[in-house]
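A.B. asks: Just the structure for this:
(one chain, ligands or ions: 1)
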Amino acid sequence: MKNYQMEVIPEPAQGTAAILALNKSGQYPLMEGKGTTNYLCGACRNVICKSVERGQIINLVFKCPNCGSYNHIKGT
Ligand SMILES: [Zn+2]
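C.D. replies: Now for the predicted structure:
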């Protein structure tokens, strides 16, 4: 399993980005798959995308359920 840290970004203006978020807070992944890559919150290192395929996730912003930071994947 490879771990990649995502980049923390400012909160996107409403309607400008697809944001994935959970209503509950804590150390939960927002997405879980059967791949070989973990994506971690750039601020608190919570695993936000667990076992996903690299390149599978594009144009998505993740709101970390643990610390509330907005993250995106670098280079996409
Ligand atoms: Zn976080």
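A.B. asks: same question for the lengthiest strand in the chain, mean pLDDT?
C.D. replies: Determined from DSSP state E, the single longest strand within the chain is strand 47-52. The average pLDDT within strand 47-52 is 97.
A.B. asks: Surely G42 touches I48?
C.D. replies: No: counting by CB atoms under 8 Å, G42 does not reach I48; the two are 9.5 Å apart. No exception for glycine: its C-beta is placed from N, CA and C like everyone else's.
A.B. asks: which residues are common contacts for the two?
C.D. replies: Counting by CB atoms under 8 Å, 6 or more residues apart in numbering, the contacts common to G42 and I48 are 6, 71.
A.B. asks: Who has more neighbours out of these two?
C.D. replies: I48 (29 against 23; other CB atoms under 10 Å).
A.B. asks: That one touches Q5, doesn't it?
C.D. replies: No: with contact taken as CB under 8 Å, I48 and Q5 are classed as non-touching, separated by 10.1 Å.
A.B. asks: neighbours around I73, how many?
C.D. replies: Other residues within reach of I73, judged by other CB under 10 Å, total 22.
A.B. asks: circling back to that earlier point, what touches both of I48 and Q5?
C.D. replies: Common neighbours of I48 and Q5, counting by CB under 8 Å, 6+ apart, are 39-41.
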